[in-house]
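Colleague: sequence unknown, structure follows:
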């Protein structure tokens, strides 16, 4: 059990490292019709040790309504690697935190001020995450060729992909 905990902690750290420089993630919500809807969101803060990823939005948006109906969301980050995080979103009214995150870009994008009551924080609590390292193309091709010539499935022993389940006992 301790070995699994250590592996999860290492994977959580790896995921944080992979997304810390990615400013925009795709936030996927579920529409009233059951459709998956993805929207780019500027990541304000990643606190994987506290299992929190923060965003800012407005209440008069479809994503706000989607999360109000069903807080299950997914975050996808693509850059030098790929990360997918499934979790639960909640709205937080914290004026101090909102002002800490506030900048001219957010002001322009939302066409609002930090004091606007229509502006709200979104906290996503991760439940499960996967990442795929792309790194050097040679590494990817080498791993892919090894998988294609192996009798194992692509997911078995895949060094380019890892999954972590966040500790439900800490909630």
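Modeller: That came through, no problem. None of these values were measured; they are calculated from a predicted model.
Colleague: Who does residue 132 form a beta bridge with?
Modeller: Beta-bridge partners for residue 132, by DSSP bridges, are residue 82, residue 161.
Colleague: now it: how far from residue 112?
Modeller: Distance, residue 132 to residue 112, using CB to CB, to the nearest Å: 36 Å. Placement of C-beta: from N, CA and C, glycine included.
Colleague: Next, the buried residues of whichever strand or helix holds residue 7.
Modeller: For residue 7, the host element (DSSP states H and E) is helix 2-19. Residues of helix 2-19 classed as buried: 11, 12, 14, 15, 16, 18, 19 (neighbour count, 16 or more other CB atoms under 10 Å).
Colleague: And stretch 27-45, by the same measure?
Modeller: By 16+ other CB under 10 Å, the buried positions in stretch 27-45 come out as 27, 28, 29, 30, 41, 43, 44.
Colleague: Next: stretch 107-124.
Modeller: Residues 110, 112, 114, 119, 120, 121, 122, 123, 124 are the ones in stretch 107-124 that count as buried (16+ other CB under 10 Å).
Colleague: what about it, start to end distance?
Modeller: 22 Å (CA to CA, to the nearest Å).
Colleague: ok now it, how far from the chain's centre?
Modeller: 19 Å (CA atoms, centre = their mean, to the nearest Å).
Colleague: Same check on stretch 9-27?
Modeller: 7 Å.
Colleague: For it, give the distance from the opening residue to the closing one.
Modeller: 24 Å.
Colleague: my read: residue 32 touches residue 69, true?
Modeller: Yes - the pair residue 32 / residue 69 is scored as a contact, 6.4 Å apart, by CB atoms under 8 Å.
Colleague: where's the residue nearest in space to the middle of the chain relative to residue 128, distance?
Modeller: The residue lying closest to the centre of the chain (CA atoms, centre = their mean) is residue 75, at 3.7 Å. Using CB to CB, one obtains 11 Å as the distance from residue 75 to residue 128.
Colleague: again with residue 76
Modeller: 13 Å.
Colleague: which residues does the nearest residue to residue 52 once chain neighbours are set aside form a beta bridge with?
Modeller: Of all residues not flanking residue 52 in the chain, residue 123 sits nearest, at 5.5 Å (CB to CB, 6 or more residues apart in numbering). Using DSSP bridges, the bridge partners assigned to residue 123 are residue 54, residue 90.
Colleague: farthest-separated two in the buried residues of stretch 27-45?
Modeller: 30 and 44 (22.6 Å; CB to CB).
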